[in-house]
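Asker: Quick one, structure for this:
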Amino acid sequence: QGQLVQSGGGLVQPGDSLSLSCTASGRTFGSRTMAWFRQPPGKERELVAALNWNGGTSYYADPVKGRSTISRVNGENTTLRLKLNYVEPEDTAVYFCAAAKSAVWSRFAELNFYDNWGQGTQVTVSS
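Answerer: You can find the predicted model right below:
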C-alpha cells in the first residue's frame, strides 16, 4: 500500500503565498494522475488542481486559476506540490493531496478516481 504525507499549510495572511507539498511513497505513484483537493468549512470536498502522470497536462479550478501552480517530481518517491498566490479568506479549507488509480486523464475530476489520500492540512487565511 502507498502512503501520502503532506506538509505545509497553517495560518496565512491575505495576499500572501501558500506552498503545500505531498510525498508519495510505497507504490508506483509516478505513473498516476495526482491532484489537490480542499474542503472548506461546512462544504464538500472540491478539486483544486490536477496533474497527469508526467506533469505535461494540468487542470485548475476556476477559483484558483491564474494564481496557482501544481507540479510534481517523479522518482523513487513522487513529490506533488501546490503553490497558491494571493490567497484569500475563501481559500480557507483543509487541503488534501490525492493519487488516482491510474494514469487515465479523462477521469481527473472524479472524486472516486482517487484511492490514496494524504492526511489533510488545515489552511487558514486570515489577518
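Asker: The helix or strand harbouring Leu20 pairs with which strands, parallel or anti?
Answerer: When secondary structure is defined using DSSP states H and E, the element that contains Leu20 is strand 18-25. Strand partners for strand 18-25, identified by DSSP bridges, are recorded as strand 3-8 (antiparallel), strand 78-84 (antiparallel).
Asker: hmm, who's touching the shortest one?
Answerer: Defining contact as Cβ atoms under 8 Å, 6 or more residues apart in numbering, one finds that strand 3-8 is touched by 18-26, 95-99, 116-121. C-betas here are computed from N, CA, C, even on glycine.
Asker: and Glu46, how many residues sit next to it?
Answerer: Each residue near Glu46 was counted by other Cβ atoms under 10 Å, and the total is 13.
Asker: next one: the one 3 residues further on
Answerer: Counted with other Cβ under 10 Å, the neighbours of Ala49 add up to 24.
Asker: measure it to Glu76 for me?
Answerer: 24 Å (Cβ to Cβ, to the nearest Å).
Asker: what do you get for Ala99?
Answerer: The span separating Ala99 from Glu76 equals 15 Å under the rule Cβ to Cβ.
Asker: Strands of this protein, start to end?
Answerer: Defined through DSSP state E, the strands belonging to the chain, from first to last, are 3-8, 10-12, 18-25, 34-39, 46-51, 58-60, 68-73, 78-84, 93-100, 114-117, 121-125.
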